[in-house]
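Visitor: What follows is a predicted structure for the sequence shown.
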Amino acid sequence: MVPGEPQRAGVSERPDPEPAVGELLVEGLLVGVCGTDHEVAHGGHGALPPGASDMVAFHESLGRVLTAPAGSGFAAGDLVAGVVRRPDPVPCGPCAAGEWDYCRNGRYTERGIKRLDGYGAQRWTVPAGFAVRVDPGLGDLGVLTEPASVVAKAWEQVDRISSRSVSRGHVTLVTGAGPIGLLAALLSVQRGLTTHVLDRATSGPKPDLVRSLGATYHSALPDDLEPDVVIEATGAAQLVFDVLGRTGPNAVTVLTGLSGSRRTVTLAAGSINDELVLDNDVVVGSVNANLRHYRAAADALAAADPAWLGGLLTRRVPLASWTDALSRADGDVKVIVDLRE
């Protein structure tokens, strides 16, 4: 694809990649589609690799190792997911410490997004240090590793901030029942928290997915709900501020969704300020993930009910017609492209 030129998206033949020293050679199995891919294709987000006229799409990956260097910790046959972001070349302090998701100077690169080819190929290579082993029992469900890593980082923020007080959260509100929201709810349930999910859908798979997880589904914000933890996955600006006025004392709200617009929202800024101050509330933004979060995500998926995870994969598109995956359809939760077809 070419950022901002969806009419140029398609399938092309390239020579098989040759792994460099320390790299795995991987058979691409599946890629996941998310809002970022839509933004790259239609909105022009991201950038081509230096000197390239196009780039391989997609950043959510699942593959099977074909060859691995000795001592890498990987072997032929392993299921793996590739990490999206690479640290900047300077590097800044966070990148030098392996916390490239906190890059300070913006010179990082990202597979399928910013200056690096993505994982949408039947063969790809990846440095062993930027690959994560996926439990073989997950099979195709391992394609959820990257979105789950974003959620794992969000929950890490909750855990770190909550350590300031002996009062830990008991009630979670997740706003949005897309893949990020549903996976956030999964990790909340795995932590033993009472979990609520808010989404505007009243039909389709989302309400049932939430309920079968053991959580409560809402299509409107309940008046009597005071969550201790909020994972916000919609980017809907008005909703964000509505929720901030409803949280309980010492609440932690993690924003993972982007608004993507300059729409003006009228709000009672003074009341929200007082709410945050008097209740010791915290609001934090969270984006991307590092290797630690990918590993936590792989563990969370391995511990989940495979049948429930399978319900998230609502549409499978063959490689030959992969651009169909960029068009949203009713009932979509997670759309995947099968690189083997």
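Guide: Received it, and whenever you're ready, just let me know what you need.
Visitor: Where does Arg133 sit: helix, strand or coil?
Guide: strand (DSSP: H, G, I helix; E, B strand; the rest coil).
Visitor: quick one: Gly73 and Ala128 touch, right?
Guide: Yes. Counting by CB atoms under 8 Å, Ala128 is a contact partner of Gly73 at 6.6 Å. For glycine as for every other residue, the C-beta is placed from the backbone atoms N, C-alpha and C.
Visitor: ok, these two, which is more surrounded?
Guide: With neighbours defined as other CB atoms under 10 Å, Gly73 and Ala128 compare such that Ala128 has more, 17 against 11.
Visitor: Check whether the more buried one really touches Ala68, as I assumed.
Guide: Yes. Assessed by CB under 8 Å, Ala128 is found in contact with Ala68 at 7.0 Å.
Visitor: Which strand runs longest in the chain?
Guide: Across the chain, the longest stretch assigned as strand under DSSP state E is strand 23-33.
Visitor: Mind splitting this protein into its structural domains?
Guide: As assigned by automatic domain parsing, the chain contains the domains 6-134+313-338, 149-285.
Visitor: Pull up the overlap in contacts between Ala128 and Ala68.
Guide: Common neighbours of Ala128 and Ala68 are listed as 24, 74 (criterion: CB atoms under 8 Å, 6 or more residues apart in numbering).
Visitor: Tell me where this protein has helices.
Guide: Secondary structure of the chain (DSSP state H): helices at 35-38, 93-96, 145-162, 179-190, 205-212, 237-244, 269-278, 291-303, 306-310.
Visitor: how distant is the longest strand of the chain from the center of its chain?
Guide: The chain centroid and the centroid of strand 23-33 are separated by 17 Å under CA atoms, centre = their mean, to the nearest Å.
Visitor: now the angle from that strand to helix 179-190?
Guide: Using axes from the mean of the first three to the mean of the last three CA atoms, to 10 degrees, the inter-axis angle of strand 23-33 relative to helix 179-190 is 100 degrees.
Visitor: Relative to strand 23-33, what are the paired strands and their orientations?
Guide: Each strand that pairs with strand 23-33, with its direction, by DSSP bridges: strand 60-67 (antiparallel), strand 123-127 (antiparallel), strand 334-338 (antiparallel).
Visitor: List the buried residues in it.
Guide: 23-26, 28-33 (16 or more other CB atoms under 10 Å).
Visitor: what does stretch 147-166 give?
Guide: 147-158, 161-162.
Visitor: Nearest to Leu339 among these?
Guide: Pro147 (17.8 Å; CB to CB).
Visitor: How about that closest one, nearest residue that isn't a chain neighbour?
Guide: Of all residues not flanking Pro147 in the chain, Pro179 sits nearest, at 4.9 Å (CB to CB, 6 or more residues apart in numbering).
Visitor: Also Val158?
Guide: Nearest to Val158 is Val252, by CB to CB, 6+ apart, at 5.1 Å.
Visitor: which residues touch that neighbour?
Guide: Neighbouring residues of Val252 by CB under 8 Å, 6+ apart: 157-158, 161-162, 169, 228-230, 281-282, 284.
Visitor: Does Lys56 touch Ala121 like I think?
Guide: Small correction: residue 56 is Val, not Lys. Yes. Between Val56 and Ala121 a contact is recorded at 5.3 Å, counting by CB under 8 Å.
Visitor: list the contacts for Leu326?
Guide: The neighbourhood of Leu326, defined by CB under 8 Å, 6+ apart, consists of 6, 9, 33, 37-38, 41-42.
Visitor: From those, list the buried ones, please.
Guide: Neighbour-count burial (16+ other CB under 10 Å) applied to the contacts of Leu326 gives 6, 9, 33, 37-38, 41.
Visitor: Would you quantify the distance from the spatially most central residue of the chain to Ala76?
Guide: With distances taken as CA atoms, centre = their mean, Pro147 lies nearest the centre of the chain, 2.6 Å away. Computed with CB to CB, to the nearest Å, the distance linking Pro147 and Ala76 is 27 Å.
Visitor: Next: Ala304.
Guide: Counting by CB to CB, the separation of Ala304 from Ala76 is 27 Å.
Visitor: ok, now Ala148?
Guide: Applying CB to CB to Ala148 and Ala76 gives a distance of 25 Å.
Visitor: Of the domains of the chain, which is nearest Ala298?
Guide: Nearest to Ala298 among these is domain 6-134+313-338 (5.6 Å), distances taken as CB to CB.
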